[in-house]
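3D, please:
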Amino acid sequence: MEKDNRKNKDNQRSKFSLIKNKRYFNGLLLVCFTAILFFITIHKVETNKLNIKLGDIAPDEIRATKEIIDEIATNKLKKEAVDRVEPKYRITPSVQMTMKNTIKDFLDIVRDLKSQDNISFNKKVALLKEQSQIELSQKELYIALRMDYKGLNSFENTIIDLINQIMGNGIREDELDYEKENIKNIFETLKITEEEKKLGLALFNATIQPNKFIDIEATERKKEEEAGKIEPVIIKEHQVIARKGDKIDQHTLELIKESGLLKNDKEYKTSLIIGVILLLLLILSIMLGYIYYFNRQILFNNQFLIFLIIILLTILISEGLYNLSPYIMPVSTGALLVSILIDPRLALMVNLFISFILGFVLKLDTSIIAMFLVGGSIGALMVIKQQQRYNILINGLLIGFINILTLISFTLIKGIEIGDILTKGGYSLLNGMICGILTIGTLPIWENTFAILTPLKLLELSNPNQPLLKKLLLEAPGTYHHSVLVGNLSEAAAEAIDANPLIVRVGSYYHDIGKTKRPYYFKENQFGMDNPHDKLQPMQSTQIITSHTLDGIALGKEHKLPTEILDIIEQHHGNTAVVYFYHKARELNKDMDIDINEFRYKGKKPQTKEAALVMLADSTEAAVRSIKGPTKEKIEEMVKKVVKGKLDDGQLDECDVTLKEINIIINSFIKVLIGIFHDRIEYPTLEANGKEES
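Next up, the predicted model:
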């Protein structure tokens, strides 16, 4: 008990430290975000521009005002000279010595074992395999132990000579496969037995390593020597840098800057800087205040980083498309993504924030700002209950129509010409479509990069046509039916205690996918067949039963299931004991002290409410299904017994399920199970003569 308390305290300290570090990291992110936003804003607000910048056309012929070094051209020549330098190599003798010693040690062990006449040959093979540093097959170990002492000595001399011959010239890493093939050909020519050839080749393949490596220092010295031979490229005074009409590239721009011809009056007014900083601090304070009071949890996880990146990308992409038309800036994309990935309420604030920033920086018309505010807000709300990804495209189209309606309202108010509204309306409709495409196109990137489990992803995983679920249905139909019932149970309980019903349902569907590896070793899949466990020892049966969680994790990782679902697969049995086989082992070995810990699952205890619900629903459904003649009283008694057993075993100690919620879960389970196992009337049948027969 004291050990468990100490472990819980350590976990709490670790969790607190992680939250603290995350808080500092997110604080640093916020500073960086504010700085980037400041530079974006002040760059757009400031009207002073450089006379010449990258991509401009030279208005007149530009000549150097003094003699300057063309650094770009000089560095290019140096790079070409450096790239022509061949790498210098050196041989490492220790690799060859290690190879010899490893093989010698192996053969010494063989000699030692051969001298021990009191040990059986099979025992010698086992000891050789255990003591040797070289991984060899059973057959190769037999060959070594069957050789006589004279043959071993001759064999060793042959191997050492070959090592000296092959490793003496050095082997590079890229030559290793070639040398292995070469060694194979050499062994074919040796006058030794076929078995010795096989053993020698195996020893070589197991121990050979590259021993010829790039001499970095010598190579770098050679590169520096070659680069030092390059004379600087000099631009003479009055030499033409760019002719009139030439496009200014990076090379030309650097030469102009070195000549002192580039206007560099980039100093902003102090009042402008202070004004922009104050404005950003005010609107960021509103945003952070909202997050602190209504979405505080995102301050301690990756969602805060996602939140900042979405805002920045939306602003940058919108500014990029502004030159085409302000009406196609995809402002609503930010709101849609935040609504799906984080929280719909926060999406409304994000939409307001982005619309305000862009309106201020780009001096947008009131009608455009209103269009972004209305369209983005409605889009963020519409995307909440989406069942399929393609519905996001439909949402984008609806946002486009809402944009048009917003513009029409301003048209009627301001009296703008109909011809003008048609053009703007077309752009506004395109705006909604772009928002939908950007959202649906980038959503998998956000989901996979930041391991976010969205409702859309969960709904896709719950589709029976998913490969794993189809595999479960076809190969373990009893388990599949059981999983569906567990999903119904746990989902109903999740809704009752304010857990995530969708994660619980999907986790239930996948929690037993590991049983597809050995489906007939599980009772629910044994249709009209003998139980294979009757022919196994209890420990063997336990290993098969408990391995289905590990097999499930492996399958889940192979099919790239989300971490939350993998956690449920791992934790749905915790470290509970397979009591049936434990008691069976005790009956078979009455004179032995059987440790129950040997019969436990090796998984973690449930860490979340969702994992705990799947554990309880899984055990409850299986237990109730075993009741003969189920009645309401029997079902209630069994549910309470199962849940109490998990509590007493400490399986729910590491998750945040309260005793009050436990009672709610029990009542929810009972309600669903009574609905499933209710009494049915016995239908009469008709005999051939039409008379009823019960």
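
can you pull the pLDDT of E417?
Residue-level confidence at E417 comes out at 63, pLDDT.

Got the domain ranges for the chain?
According to automatic domain parsing, the chain comprises the domains 89-214, 269-452, 457-676.

how about the helices in the stretch 501-650 of the chain?
With helices called from DSSP state H, counting those that start in this stretch, the stretch 501-650 of the chain shows them at 501-510, 538-558, 563-571, 579-588, 609-625, 632-648.

between the ones you listed, which gets nearest to L107?
Among the helices of the stretch 501-650 of the chain, helix 538-558 comes nearest to L107, with 37.9 Å by C-beta to C-beta. C-beta here means a position set from N, CA and C on the backbone, and glycine is covered the same way.

Please name whichever of the domains of the chain is nearest to E67.
Closest among the domains of the chain, once you apply C-beta to C-beta, is domain 269-452, at 37.0 Å.

Can you give the distance of that closest one from its chain's centre?
Domain 269-452 sits 27 Å away from the centroid of its parent chain (C-alpha atoms, centre = their mean, to the nearest Å).

Hmm, M349 and M287 touching each other?
Yes - applying C-beta atoms under 8 Å as the test, M287 and M349 come out as touching, 6.1 Å apart.

More neighbours: which of these two?
Higher neighbour count among M287 and M349: M349, with 20 against 17, using other C-beta atoms under 10 Å.

Identify the residue spatially nearest to that one, adjacent ones excluded.
Ranked by C-beta to C-beta, 6 or more residues apart in numbering and with sequence neighbours excluded, the top spatial neighbour of M349 is Y290, at 5.2 Å.

just for the stretch 351-500 of the chain, where's the confidence low?
Applying pLDDT under 70 to the stretch 351-500 of the chain flags the ranges 385-388, 415-420.

What are the boundaries of the helices in it?
Under DSSP H, counting those that start in this stretch, the stretch 351-500 of the chain gives helices at 366-382, 390-414, 418-449, 455-461, 467-475, 477-497.

helices or strands next to the helix or strand containing the residue nearest to M349 in the packing?
Using DSSP states H and E, Y290 maps to helix 270-294. Judged by 3 or more C-beta pairs under 8 Å, 6 or more residues apart in numbering; DSSP states H and E, helix 270-294 is in contact with helix 2-45, helix 344-361.

Compare the mean pLDDT across these and name the weakest.
What stands lowest among these, in mean pLDDT terms, is helix 2-45, with a mean of 67.

buried stuff in stretch 626-646?
By 16 or more other C-beta atoms under 10 Å, the buried positions in stretch 626-646 come out as 630, 635-636, 638-639, 642-643, 646.

Lowest-confidence one in these?
For the buried residues of stretch 626-646, the pLDDT minimum is P630, 84.

Tell me who's in contact with the closest residue to it other than its chain neighbours.
The shortest distance from P630 to any non-neighbouring residue, by C-beta to C-beta, 6+ apart, is to F677 (4.4 Å). Counting by C-beta atoms under 8 Å, 6 or more residues apart in numbering, F677 makes contact with 624, 627, 630, 635.

And for R23?
Per C-beta under 8 Å, 6+ apart, neighbours of R23: 299-300.
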